[in-house]
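>>> No sequence on hand, only this structure:
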């Protein structure tokens, strides 16, 4: 829309919305709904950062337009969930926690469920926290902090294979954190719809609050390096990075990825790739 401010137009081209997903829709349908609602504001593409099952609620970050190309950089980060698990046998809270502490913390092996979209082969995942909060008969409220790609429903059923439990299954689940995105800063689809209507009427304040600048999110997940001014134009064409292109080159790590800025202007995400005078190569350039 022509009457939008330059700030809003810029955000709509490269930002993320932290949606609080309700129970029922798939992650794809939520992402597609956001795209359709924002299409009148010139948004053409959306993508989500990590699938939630239809019945699972909570944090579902949605990338907008150019930010969709960042999806791979945010997937795999740790996730935090609260849920309710039912066990078949009577067991105390203390006994259940002892079993969890002994066998279901740290690095575990997990076979993805049959309905998952990934290849069904055993893989290692890390469980950083798995804590029982409360017991109600045979239902247990829990919180768990896990490596990205961990299936919580499968975690509960695997725990249920312990003899003392006689079986277990997940009743409810809510994701309260996905990497840097948390539920306390999420918005519902209703809140987004309302902000879009307000923006169309000339009040963009709430929409601006909802749109998270992708540049700020990148700074929270990757080391940040500064480019020298004379290099910016060429770096934006995707050329390899040389030591002389960087202000703080002595701090460059030996491996991994980093974000490159010129002052507050985001240039690219690159990976360390020492080849003669070249020190890194671009993976995503915001041109």
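Everything's here; your move. Predicted model, so just to flag it, every value in this text is computed and none were measured.
>>> Which secondary structure elements does the one helix or strand residue 196 maps to sit against?
Residue 196 belongs to helix 189-200 when assigned by DSSP states H and E. Packing contacts for helix 189-200, counted by 3 or more C-beta pairs under 8 Å, 6 or more residues apart in numbering; DSSP states H and E, involve strand 14-21, helix 27-38, helix 205-210. Backbone N, C-alpha and C define where each C-beta goes, glycine included.
>>> from the chain's centre, how far out does it sit?
For helix 189-200, the separation from the chain centroid amounts to 23 Å (computed by C-alpha atoms, centre = their mean, to the nearest Å).
>>> which stretches of the stretch 101-250 of the chain have low pLDDT?
Within the stretch 101-250 of the chain, the set of residues satisfying pLDDT under 70 comprises 115-118.
>>> how about the helices of it, start to end?
Under the criterion DSSP state H, counting those that start in this stretch, the stretch 101-250 of the chain contains helices at 152-160, 189-200, 205-210, 214-221, 232-235.
>>> Tell me which of the helices and strands packed on helix 189-200 sits most buried.
Compared across the helices and strands packed on helix 189-200, strand 14-21 shows the largest average neighbour count, a mean of 23 (mean count of other C-beta atoms under 10 Å).
>>> residues touching the residue of the chain most remote from its centre, list them.
Most distant residue from the mean C-alpha position of the chain: residue 90, 36.5 Å away (C-alpha atoms, centre = their mean). Neighbouring residues of residue 90 by C-beta atoms under 8 Å, 6 or more residues apart in numbering: residue 138.
>>> Which of the three states applies to it?
Following DSSP: H, G, I helix; E, B strand; the rest coil, residue 90 is assigned to coil.
>>> do you know how far it is from residue 103?
Look at residue 90 and residue 103: by C-beta to C-beta, to the nearest Å, they are 20 Å apart.
>>> now residue 4
Using C-beta to C-beta, we find residue 4 at a distance of 54 Å from residue 103.
>>> thinking again about what came up before, okay, the helices of the stretch 101-250 of the chain in JSON lines with distance to residue 247 next?
Output for those, formatted as JSON lines (distance: least, C-beta to C-beta, whole Å):
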{"stretch": "helix 152-160", "distance to residue 247": "43"}
{"stretch": "helix 189-200", "distance to residue 247": "37"}
{"stretch": "helix 205-210", "distance to residue 247": "30"}
{"stretch": "helix 214-221", "distance to residue 247": "16"}
{"stretch": "helix 232-235", "distance to residue 247": "12"}
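>>> Ok, which of those comes nearest residue 253?
Shortest distance between residue 253 and the helices of the stretch 101-250 of the chain, using C-beta to C-beta, is found for helix 214-221: 14.5 Å.
>>> surely residue 284 meets residue 69?
Yes - Residue 284 lies in contact with residue 69 (C-beta atoms under 8 Å); the separation is 5.6 Å.
>>> Quick check: can you list the domain ranges of this structure?
6-75+181-217, 79-178, 222-285 (automatic domain parsing).
>>> With respect to burial, which of the ones you listed scores highest?
domain 6-75+181-217 (a mean of 18).
>>> now do the same end-to-end measure for that one.
For domain 6-75+181-217, the separation between the terminal residues is 20 Å (C-alpha to C-alpha, to the nearest Å).
>>> and that domain, how far out from the chain's middle?
Distance of domain 6-75+181-217 from the chain centroid (C-alpha atoms, centre = their mean) equals 12 Å.
>>> do stretch 170-179 as well
Here stretch 170-179 is found 13 Å from its chain centre; the criterion is C-alpha atoms, centre = their mean.
>>> Could you dump the helices and strands packed on helix 189-200 into CSV with distance to residue 166 added?
CSV is the format used below for the helices and strands packed on helix 189-200 (distance: least, C-beta to C-beta, whole Å):
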stretch, distance to residue 166
strand 14-21, 32
helix 27-38, 33
helix 205-210, 46
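>>> out of the ones you listed, nearest to residue 175?
Evaluated over these, closeness to residue 175 peaks at strand 14-21, with 8.1 Å, by C-beta to C-beta.
>>> coming back round to it: out of the helices of the stretch 101-250 of the chain, flag the one nearest residue 37.
Nearest to residue 37, of all the helices of the stretch 101-250 of the chain, is helix 189-200, at 5.7 Å by C-beta to C-beta.
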